[in-house]
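Novice: next come a sequence and a model predicted from it.
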10 protein chains.
Amino acid sequence: MSIPATPSREHLETFPNQFPGRDYLIEHVCPEFTSVCPKTGHPDFATLTFRYVPDATCVELKSLKLYLQAFRNAGIFYENVTNRILDDLVAVLRPRRMTLVAQFTPRGGISSRIVVSHPSGDHLPPAP
Amino acid sequence: MSIPATPSREHLETFPNQFPGRDYLIEHVCPEFTSVCPKTGHPDFATLTFRYVPDATCVELKSLKLYLQAFRNAGIFYENVTNRILDDLVAVLRPRRMTLVAQFTPRGGISSRIVVSHPSGDHLPPAP
Amino acid sequence: MSIPATPSREHLETFPNQFPGRDYLIEHVCPEFTSVCPKTGHPDFATLTFRYVPDATCVELKSLKLYLQAFRNAGIFYENVTNRILDDLVAVLRPRRMTLVAQFTPRGGISSRIVVSHPSGDHLPPAP
Amino acid sequence: MSIPATPSREHLETFPNQFPGRDYLIEHVCPEFTSVCPKTGHPDFATLTFRYVPDATCVELKSLKLYLQAFRNAGIFYENVTNRILDDLVAVLRPRRMTLVAQFTPRGGISSRIVVSHPSGDHLPPAP
Amino acid sequence: MSIPATPSREHLETFPNQFPGRDYLIEHVCPEFTSVCPKTGHPDFATLTFRYVPDATCVELKSLKLYLQAFRNAGIFYENVTNRILDDLVAVLRPRRMTLVAQFTPRGGISSRIVVSHPSGDHLPPAP
Amino acid sequence: MSIPATPSREHLETFPNQFPGRDYLIEHVCPEFTSVCPKTGHPDFATLTFRYVPDATCVELKSLKLYLQAFRNAGIFYENVTNRILDDLVAVLRPRRMTLVAQFTPRGGISSRIVVSHPSGDHLPPAP
Amino acid sequence: MSIPATPSREHLETFPNQFPGRDYLIEHVCPEFTSVCPKTGHPDFATLTFRYVPDATCVELKSLKLYLQAFRNAGIFYENVTNRILDDLVAVLRPRRMTLVAQFTPRGGISSRIVVSHPSGDHLPPAP
Amino acid sequence: MSIPATPSREHLETFPNQFPGRDYLIEHVCPEFTSVCPKTGHPDFATLTFRYVPDATCVELKSLKLYLQAFRNAGIFYENVTNRILDDLVAVLRPRRMTLVAQFTPRGGISSRIVVSHPSGDHLPPAP
Amino acid sequence: MSIPATPSREHLETFPNQFPGRDYLIEHVCPEFTSVCPKTGHPDFATLTFRYVPDATCVELKSLKLYLQAFRNAGIFYENVTNRILDDLVAVLRPRRMTLVAQFTPRGGISSRIVVSHPSGDHLPPAP
Amino acid sequence: MSIPATPSREHLETFPNQFPGRDYLIEHVCPEFTSVCPKTGHPDFATLTFRYVPDATCVELKSLKLYLQAFRNAGIFYENVTNRILDDLVAVLRPRRMTLVAQFTPRGGISSRIVVSHPSGDHLPPAP
């Protein structure tokens, strides 16, 4: 298994949810996300937090790690990378609900956070 | 009293709730849970937080400790162990409401949290 | 004034609420509560947090301290002591609402918290 | 300008709210409040947090500081001083909503917090 | 590109929101805001937190930084500067919702926070 | 095994140090110590931190717990109880070096800490 | 016993050190010190930390509290009040070593700390 | 590669130190160590911190992880397991200096820390 | 009194040290320092910490605040501004020892700290 | 200016130290360092802290940022990358003293820190 050259939802793997009769919450926190700013060419760094209620499938953790690593040399803006990753996970997992929070480190003295959800605007609260 | 060889709900003991006329909250936090990943054979570590509203019975703490210790050498995935432990406690206690939060330590740079509730999706908030 | 030999609600004193026309919140936090486990004979330690909306009377702080000190050598379980103290305060103060949170230190690697309210299940939020 | 000898709402000054068309929140935190316990004669210490939605006027900060300093040698109980300060500010500012939180330092091992609001019981949440 | 001599909404630049079909949250935190008190002539310092749901456009970060730097030598009160900055951003971005939190450092032992929203009083919660 | 009625060094048990050829550090932290003020009759609470370099013997933890519990109803001043416990442990263990830090909770708004060592004044630093 | 009208070392009481054969450390932390700025007439607030090695006597805590309360309405500068309190305690206790740390809250955006010792310059480190 | 059945220094692997001309510090922190108490049969949990100055070889991280996992079902006391692990690492690595700090979770309300070094008593401080 | 137009040591005022017979430590922390980067024209922000042992004079706090405010629009590099401020204070105060620590906020993902002392290299540690 | 394709000390730029008569400390903290593990091909993440006493030259911050970014796709072990970066900086700056601390995020449940200094073993402590 090696790091994919470009990020693609085809690298995301799943496994069956063995408790589909129950609405429950899965949260994965990845503090090691990095991509590249398409304007300046400098690297960006973020902590990504995924929260979702699975339906028929769950995301396999190792494939999620490799999928995210493939953004390492991709040039993409904050708002766009966050929306795109949510779209990819929703397409593959078909979750009942999902929220992605991307917290970026400071640039020019300003730090940024983007929060996107499926369905639109339906932000899952932090796991208790 | 010794550690049971395999985890079983039969090892969970209860005592009568002396205040059944009142809906109140009991929270137990166990930061020393460990089981084994069935895929890699490496140990997993988690902090388990139980929150419930008792009905006729409460869980006896020492039996809860021994029941959890029996997972020490069991191979089981994050999502499954969390759902199974909730199922065992619900079967034995028949609580009015119960939530279990399992916070696992990082693997591959990603930490995970699973939140399951009885009835389904009815997460009890953190104790005030 | 000396520490009562056994805990009794008769030791709780009150003073008149001078602002009965207003629903307001009083919170007292006592991090020095200790009683004895009736099973093992070993001491238990807890932080008690009282939150209430007074009606005609407020609890006098020094009498609350002495009332709580009287549990020092009493053998009583977590769930029972928390419910009993709430019952005593409700009987003496007749508050509009009251919540008691008892956070016990770890035993066998597990820490516990009990939350009881009057009326039943009506947990007051933490003071803002 | 000097510290008033006794606390009086007449020392509170205001300035016009230039954005009366908008409901917005103003929060002032004063960690240096001190008064005197009328029972023991010993000083009390508290952090006061004011949160309000202004109507026609806002409180001028320097006058608020001097008004609060005037309690330095006044003998008054926790519950009463908190309610009185709220009453004074409401009388002078006529805010749309106001909450005052007074957090007192420990006495006899117990710390206390009083929360009062105008209108009664309408506690404003903490500023986001 | 240089720092504008006086703060003006004309210096704020935007870029198109590529995901207008989704209601999502953008948060920018600027801990380096400074302006001047018009009464004393001394500098004020604040952390500004912007939270908004974009419609057709998003604010460009570098232009936001320069716009905020232009307040460096402007004399303006806490309440007014917070409301004005919100007005400028709303005029330029036409967001679906926006909240601005300005947390000022202590003066005379009192720290202050101002929270303004568009539409009026509709405060967005902190990003999860 | 039961709690001794009065504190006595005879209740401290030891086990042989299996690595006497090496100078090493043992630290035990007990946050649940309580005794009684001989002047006021009110309980005192402290966290005790023991740090020592063993010679021929180490202290057995359960006996240390019971020895400390025996102070529960003993009337004794801060400075005296700290010195006495050190004397008892030094008499029983004959350690190469030992420091005891007793951190007491606030009384009258003042918290206290007592640090005693054997040999005199030779305070062991916190364990790295 | 009442609060002395003006601060004087005559109000400091002592009790005999029962372990004069040992050099040990006593630390008292008082977070509720307040005096008045002689220049502006506004109150100052500080946390005082005393650390000393007793010789024949120790300071009695209640008298220390009353001695410090007597500064409540005294007008005196940071550097002077810190040196004076040390001088008073050294005169009364004749300690083997003593350090006083006074941490003042911010004024004009600047917070200050004064550290004085007896003998001169021999600062005792924080208790381990 | 699989987890060894019993802990043995033969499972520790090394790689050559490529900078032997320089004295430098390597620190590894393992918060997931667990073994079994030989007296009670219950599991113990600790965070192990290794600090060493390498000579000709460095420890390979994956082999260190597997070596430590082999203690999972071994019955051994705090003091002995800490000394033994240091002995194993010193035997394999022959470091210029090495310190091992083992911080165990609370048992009976008391938490413990053991610090051992090679050469004896020469504790390396926390890495700056 | 107004803010000086350009920073000059002539604006620093002093008052006599009333305890010259004692070596003691004065520490002032100013978290609101700002100047301008001469290369980019963008503002820099720093927390300045002064620690000194006074000789015949102490620095007056209000004049120190005004002296530092005069750097607000001055273009000067991190290393140079820190050395210059130390030189100015040493010239005016002639302290026995002095250290200045300047902690700058992140630029390009990197935060910086400069530590200068008089006499050279003799860094005063943080006040205990 | 663009990111160099491979890391090379030739990309490090300097500027003259204007205060060579003084031994002072410069500290730069870079929490965004990333390279690649040559064994697994997965990315590593670290926070680098540089501390040095300059002689004739100081490192220019933007060139340091670009030099470090060039390691983004380089395969190199923890111990080697830390030693190499120190060697490069020492070769270019010829500092009087320098320490580099590299704190790596957890892998396999173990986090690591490497500390290297010039001259060998002369670790500069954290800046006060």
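Specialist: Okay, I see it. In this text, all values refer to a predicted model and were calculated from it rather than measured experimentally.

Novice: C-alpha only now, for contacts and for neighbours.
Specialist: Will do.

Novice: sec struct for the residue most central in space within chain A, please.
Specialist: Centroid-nearest residue in chain A, with C-alpha atoms, centre = their mean: A:I85, separated by 4.8 Å. Three-state assignment for A:I85 (DSSP: H, G, I helix; E, B strand; the rest coil): helix.

Novice: model confidence for it, exactly?
Specialist: Listed pLDDT for A:I85 reads 98.

Novice: roughly how far apart are it and I:R113?
Specialist: Using C-alpha to C-alpha, to the nearest Å, A:I85 is found at 37 Å from I:R113.

Novice: go on, A:I114?
Specialist: Distance of A:I114 to I:R113, given as C-alpha to C-alpha: 31 Å.

Novice: what do you get for A:D23?
Specialist: 50 Å.

Novice: state the number of residues packed around A:G109.
Specialist: 20 (other C-alpha atoms under 10 Å in any protein chain shown).

Novice: how about the strands in chain A?
Specialist: Taking DSSP state E, the strands of chain A run over residues A:14-16, A:25-36, A:43-53, A:57-59, A:97-107, A:110-118.

Novice: and A:R113, bridged to which residues?
Specialist: On the basis of DSSP bridges, A:R113 takes part in beta bridges with A:Q103, E:E27.

Novice: report how many residues lie close to it.
Specialist: 23.

Novice: please name the bridge partners of the closest residue to A:R72 other than its chain neighbours.
Specialist: The shortest distance from A:R72 to any non-neighbouring residue, by C-alpha to C-alpha, 6 or more residues apart in numbering or on different chains, is to A:S35 (4.6 Å). Taking DSSP bridges as the rule, A:S35 bridges to A:D44.

Novice: my read is that A:S35 contacts A:N73, right?
Specialist: Yes: under the criterion of C-alpha atoms under 8 Å, A:S35 makes contact with A:N73 at 5.8 Å.

Novice: neighbour count winner among these two?
Specialist: Neighbours per residue, other C-alpha under 10 Å: of A:S35 and A:N73, the larger number sits with A:S35, 23 against 18.

Novice: need the pLDDT of that one.
Specialist: Looking at A:S35, its pLDDT is 97.

Novice: same question, the one 10 residues further on
Specialist: A:F45 is assigned a pLDDT of 98 by the prediction.

Novice: ok, now how distant is the nearest residue to it once chain neighbours are set aside from chain H?
Specialist: In this structure, A:F45 finds its nearest non-sequential neighbour in A:T34, 4.5 Å apart by C-alpha to C-alpha, 6+ apart. According to C-alpha to the nearest C-alpha, to the nearest Å, A:T34 stands 25 Å off from chain H.

Novice: next, the contact list for A:T34, please.
Specialist: A:P43, A:D44, A:F45, A:A46, A:Q69, A:F71, A:R72 (C-alpha atoms under 8 Å, 6 or more residues apart in numbering or on different chains).

Novice: what's the answer for A:R97, then?
Specialist: Contacts for A:R97 were tallied using C-alpha under 8 Å, 6+ apart; they are A:Y52, A:V53, A:P54, A:S117, A:H118, A:P119, A:D122, A:L124.

Novice: leaving out chain neighbours, which residue sits closest to A:T6?
Specialist: In this structure, A:T6 finds its nearest non-sequential neighbour in A:A70, 5.4 Å apart by C-alpha to C-alpha, 6+ apart.

Novice: tally of neighbours for the one you found?
Specialist: 19.

Novice: got it, and A:E10?
Specialist: A:E10 has 10 neighbours, counted by other C-alpha under 10 Å.

Novice: for it, give its distance to C:F15.
Specialist: Remark: distance between A:E10 and C:F15 (C-alpha to C-alpha) = 70 Å.

Novice: A:Q103 too?
Specialist: 51 Å.

Novice: could you do A:L12 as well?
Specialist: For A:L12, the distance to C:F15 equals 66 Å [C-alpha to C-alpha].

Novice: neighbour-wise, which of those two wins?
Specialist: Using other C-alpha under 10 Å as the criterion, A:L12 and C:F15 rank with A:L12 on top: 21 against 12.

Novice: about what we covered before: between the contacts of A:T34, which is nearest G:V29?
Specialist: Nearest to G:V29 among these is A:A46, at 41.5 Å by C-alpha to C-alpha.

Novice: these two touch, right, A:C30 and B:R107?
Specialist: No: using C-alpha under 8 Å, A:C30 is not in contact with B:R107; the gap is 10.0 Å.

Novice: who's more crowded, those two?
Specialist: Neighbour count, other C-alpha under 10 Å: between A:C30 and B:R107, A:C30 has more, with 21 against 17.

Novice: contacts only, for that one.
Specialist: The contact partners of A:C30, taken as C-alpha under 8 Å, 6+ apart, are A:T47, A:L48, A:T49, B:G109, B:I110, B:S111.

Novice: out of these, grab the one that's most surrounded.
Specialist: Most neighbours among the contacts of A:C30, by other C-alpha under 10 Å: A:L48, with 23 neighbours.

Novice: next one: that one from H:Q103, what distance?
Specialist: Per C-alpha to C-alpha, A:L48 is found 31 Å from H:Q103.

Novice: just A:Q69 next, same as before
Specialist: Here A:Q69 is placed at a distance of 34 Å from H:Q103 (C-alpha to C-alpha).

Novice: likewise for A:L68?
Specialist: Distance, A:L68 to H:Q103, by C-alpha to C-alpha: 35 Å.

Novice: near chain I, which residues of chain A are found?
Specialist: A:T105, A:P106, A:R107, A:G108, A:G109 (C-alpha under 8 Å from any C-alpha of the partner chain).

Novice: residues contacting the residue nearest to A:P16 when sequence neighbours are not counted?
Specialist: In this structure, A:P16 finds its nearest non-sequential neighbour in A:T57, 4.5 Å apart by C-alpha to C-alpha, 6+ apart. Going by C-alpha under 8 Å, 6+ apart, A:T57 touches A:T14, A:F15, A:P16, A:N17, A:L93, A:R94, A:P95.

Novice: for A:Y67, same thing?
Specialist: Listed by C-alpha under 8 Å, 6+ apart, the contact set of A:Y67 reads A:I3, A:P4, A:P7, A:S8, A:R9, A:H11, A:L12.

Novice: with A:K62 instead?
Specialist: Applying C-alpha under 8 Å, 6+ apart, we find A:K62 in contact with B:G108.

Novice: what distance do you get for it to A:F50?
Specialist: A:K62 sits 15 Å away from A:F50, going by C-alpha to C-alpha.

Novice: can you check A:H28 too?
Specialist: Relative to A:F50, A:H28 is positioned 5 Å away (C-alpha to C-alpha).

Novice: and if you look at A:S112?
Specialist: With distances taken as C-alpha to C-alpha, A:S112 is found 17 Å from A:F50.

Novice: point me to the residue of chain A nearest chain C.
Specialist: Nearest residue of chain A to chain C: A:P128, at 15.3 Å (C-alpha to the nearest C-alpha).

Novice: next, count neighbours for that residue.
Specialist: Look at A:P128: counted by other C-alpha under 10 Å, it has 15 neighbours.

Novice: low pLDDT regions in chain A?
Specialist: For chain A, applying pLDDT under 70 flags the ranges A:1-3.

Novice: for the residue in it that chain G sits nearest to, give me its contacts.
Specialist: Closest to chain G within chain A is A:G109: 21.0 Å, counting by C-alpha to the nearest C-alpha. Residues counted as contacts of A:G109 (C-alpha under 8 Å, 6+ apart) are E:C30, E:P31, E:E32, I:T105, I:P106, I:R107.

Novice: ok, A:A127 next?
Specialist: With contact taken as C-alpha under 8 Å, 6+ apart, A:A127 is in contact with A:L25, A:E27, A:R51, B:R113, B:V115.

Novice: I'd say the fourth one and B:T82 touch.
Specialist: Okay, so that is B:R113. No: applying C-alpha under 8 Å, one finds B:R113 not in contact with B:T82, separated by 9.7 Å.
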